[in-house]
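J.: quick one, structure for this:
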Amino acid sequence: MSRETFVFTSATLRSLRLQQELLDWDQERRALARRHRAWKRGIRDSQRSDPPPQPEPQYCRDAAVHNALFTGDLLKIKSIFRDRAMVNVIVEVASDELVWSSELGLWTLSPKAKQTSALRITAGRGYTACTKQLLTEGANVSASPGGQCALHDATAGGHADCVQLLLTYGADPDVLSDDGRAPLHLCSTLETYQCARLLLEHGAKVNVPTKDTQATPLHVAATHGLEEHVKLYLHCGANVSIRNREGETPLNVACASAEKSDDSGRYYRVVRKLLENGADAKVAGRKKHSPLHNACANCNFRIVELLLAYGAPVNDTNYAGHTPLDCALQTLDDYATCWPEGIVRTLLNHGAFPPRPQALRLCVCSPATMEVVLNCYQSVPNVESWMDLVPAPLWQEHHTFYSSVLRMVVQPRRLQHLARCALRHHLGSLCHHTLPRLGLPPSLLNFVLLKNEGRIE
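T.: Numbers count the residues shown, from 1 in each chain. Predicted structure coming up:
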């Protein structure tokens, strides 16, 4: 049987050729895609490969190099540090540290090697020209041999020109040292104010905490009584309510740090600035030690008055069960000449509970404070527990007062005193606020407010 055939027309042939070309093009496209995927896999594999080994760090122990850096000898630095490799060497210096010797049973000086860098040395000593020369030669502004960067050293030294230079060359204003401190945490002296300002202008975080204590720059400034730093941080958004690891606010650490009478003025201004910007005088730390506890323990009368004006609780107790009045009495030996009777009187006039008679032992070095405390009681308690503790010279100086106390032991007090006690009990914490408004004669007002008279009647 014969097979039937037919003839393709020209249009049919063109259609078949077009289909064949499309098939060929699709096969080429698929092959090209496979090659492209293979190429990308190769790139990823190369990226996953181990990075090239870093060069071993170089160390410098040359005394001549050390001398050039520590003295800021620019000409020698230019001749020594001529390339990137040399300018980034780790400089090892030796320093003597006290080490306990169990064999000798005493402390001995022992040399210990410390690591630093050329940039850290010059920046930390304020050698601006030398620092710029090292940066120009390629010094790594972020290098931290020994645990911190050049920016930490320049800031701690208060060298604003070097800080500006390092920031211009890309130093991170929030770089952390090995112990978790940012440069702002090293602004702890009056000379570091401009450094703090430069760091904040370059984006430093004003509320950055330290790694260990969780202290912010505001905590540091408050601890050191740095009024201008506190103003700067508050202007830049510092949080006055933030707590450190001990649960203390900047207000609390400021009150705790005002220990010396010579520094009381600047700490008073710091406390006032914090209170004016929303700090809470009622907030205590984890040991329930409030700002008022701290101010009373440091016998700082102006800060005590300021805290009370902002509502500090006068009868709150800490974990040891002590009130602010207890803290004031416990430190009388250290602050007998700092007008402690004024603090005790102010606390009592703001509603502080009278101390137990046993607390009179704490007042033997301050007769004026003892007088204020004794006038809180309706009668003078037994003095046998403390009278023998009064030093003979103090007894002679205040003989009139001590003699009056002995006469009034367990004796009825004057009716005027009993009326004072009744009025004060009725007013409670409003004594300081209400009594001056009653129009009392000045002498009577002073009497009710427990002003000292030098004797007990």
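
J.: what's the local residue count around residue 349?
T.: 22 (other Cβ atoms under 10 Å). Every C-beta, even on glycine, is put in place using the N, C-alpha and C of the backbone.

J.: pretty sure it is in contact with residue 446, am I right?
T.: No: here residue 349 does not reach residue 446: they are 11.5 Å apart, not a contact under Cβ atoms under 8 Å.

J.: disregarding flanking residues, what is the spatial nearest neighbour of residue 243?
T.: residue 249 (5.8 Å; Cβ to Cβ, 6 or more residues apart in numbering).

J.: ok, residue 211 next?
T.: Using Cβ to Cβ, 6+ apart and skipping residues adjacent in sequence, the residue nearest residue 211 is residue 180, 2.1 Å away.

J.: where does pLDDT dip in the chain?
T.: For the chain, the stretches with pLDDT under 70 are 1-25, 39-56, 95-99, 101, 104, 108-111.

J.: burial of residue 154, as a residue count?
T.: Using other Cβ under 10 Å as the criterion, residue 154 is surrounded by 33 other residues.

J.: swap that for residue 179, please
T.: Using other Cβ under 10 Å, residue 179 has 11 neighbouring residues.

J.: residue 400 now?
T.: Using other Cβ under 10 Å, the number of residues around residue 400 comes to 11.

J.: and residue 278, by the same measure?
T.: Residue neighbour count, defined by other Cβ under 10 Å, stands at 11 for residue 278.

J.: you'd agree it is in a strand?
T.: No: if the criterion is DSSP: H, G, I helix; E, B strand; the rest coil, then residue 278 is coil and not within a strand.

J.: grab the nearest non-local neighbour of it.
T.: Nearest in space to residue 278, with sequence neighbours left out and distances taken as Cβ to Cβ, 6+ apart, is residue 240 at 5.3 Å.

J.: what sits against that neighbour?
T.: Contacts here follow Cβ atoms under 8 Å, 6 or more residues apart in numbering; on that basis residue 240 touches 218, 234, 249, 250, 251, 274, 277, 278, 279.

J.: what's the answer for residue 401, then?
T.: 367, 370, 371, 454, 455, 456.

J.: and residue 151, how far is that from residue 114?
T.: When distance is defined by Cβ to Cβ, to the nearest Å, residue 151 is 18 Å away from residue 114.

J.: mind listing what's buried in stretch 265-276?
T.: For stretch 265-276, a neighbour-count test (16 or more other Cβ atoms under 10 Å) marks 266, 267, 268, 269, 270, 271, 272, 273, 274, 275 as buried.

J.: what about residue 91, which SS state?
T.: Going by three-state DSSP, the secondary structure assigned to residue 91 is strand.

J.: mind checking how far residue 205 is from residue 175?
T.: In this structure, residue 205 lies at 11 Å from residue 175, with Cβ to Cβ as the measure.

J.: shared neighbours of those two, anything?
T.: Contact criterion Cβ under 8 Å, 6+ apart; residues bridging residue 205 and residue 175 by contacting each: residue 182.

J.: ok so, going back, what's the most distant pair in the contacts of residue 240?
T.: The widest separation within the contacts of residue 240, taken as Cβ to Cβ, falls between 234 and 249 and amounts to 13.2 Å.

J.: which one of those two is surrounded by more residues?
T.: Neighbours were tallied for residue 234 and for residue 249 using other Cβ under 10 Å; the higher tally belongs to residue 249 (25 against 21).

J.: now do the same contact list for the more buried one.
T.: Going by Cβ under 8 Å, 6+ apart, residue 249 touches 240, 241, 242, 243, 279, 280, 283, 291.

J.: which of the residues you listed has the most neighbours?
T.: Within the contacts of residue 249, most neighbours by other Cβ under 10 Å means residue 291, with 32 neighbours.

J.: quick check: it touching residue 274?
T.: No: no contact is recorded between residue 291 and residue 274 when judged using Cβ under 8 Å, the distance being 9.3 Å.

J.: between the two, which contacts overlap?
T.: Overlap of the contact sets of residue 291 and residue 274 (by Cβ under 8 Å, 6+ apart) consists of 251, 254.

J.: gap between residue 181 and residue 219?
T.: Here the distance between residue 181 and residue 219 works out to 12 Å (Cβ to Cβ).

J.: sorry, slip of the keys, the one I care about is residue 320.
T.: From residue 320 over to residue 219 the distance is 24 Å, taken as Cβ to Cβ.

J.: please enumerate the helices of the stretch 51-200 of the chain.
T.: Counting by DSSP state H, counting those that start in this stretch, the segments of the stretch 51-200 of the chain that form helices are 63-71, 74-80, 84-87, 118-124, 128-136, 150-156, 160-168, 193-201.

J.: next one: the fourth one to chain centre, how far?
T.: In this view, helix 118-124 has its centroid 25 Å away from the chain centroid, taken as Cα atoms, centre = their mean, to the nearest Å.

J.: do the same with the fifth one
T.: Chain-centre distance of helix 128-136: 32 Å, with Cα atoms, centre = their mean.

J.: same question for the last one.
T.: Average the C-alpha atoms of helix 193-201, do the same for its chain, and the two points are 17 Å apart (Cα atoms, centre = their mean).

J.: re earlier: filter the contacts of residue 401 to the buried ones?
T.: Neighbour-count burial within the contacts of residue 401 applies to 367, 370, 371, 456; the criterion is 16+ other Cβ under 10 Å.

J.: and the contacts of residue 240 as CSV, adding distance to residue 79?
T.: What follows is these, written out as CSV (distance: Cβ to Cβ, whole Å):
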residue, distance to residue 79
218, 45
234, 48
249, 53
250, 49
251, 54
274, 52
277, 53
278, 57
279, 55
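
J.: quick check, nearest of these to residue 66?
T.: Nearest to residue 66 among the contacts of residue 240 is residue 218, at 37.6 Å by Cβ to Cβ.

J.: correct me if wrong: the closest one contacts residue 237.
T.: No: at 10.3 Å, residue 218 and residue 237 do not qualify as touching, with contact defined as Cβ under 8 Å.

J.: shared neighbours of the two, anything?
T.: Contact criterion Cβ under 8 Å, 6+ apart; residues shared by residue 218 and residue 237: 206, 207.

J.: of those two, who's got more company?
T.: Neighbours per residue, other Cβ under 10 Å: of residue 218 and residue 237, the larger number sits with residue 218, 29 against 10.

J.: helices of the stretch 201-350 of the chain, residue ranges please.
T.: According to DSSP H, counting those that start in this stretch, the helices that the stretch 201-350 of the chain contains are 217-223, 227-235, 250-257, 264-276, 291-297, 301-309, 324-330, 340-349.

J.: tilt between the second one and helix 250-257?
T.: The directions of helix 227-235 and helix 250-257 differ by 170 degrees, with axes from the mean of the first three to the mean of the last three Cα atoms, to 10 degrees as the criterion.

J.: one more: the last one?
T.: What separates the directions of helix 340-349 and helix 250-257 is an angle of 140 degrees, with the same axes, to 10 degrees.
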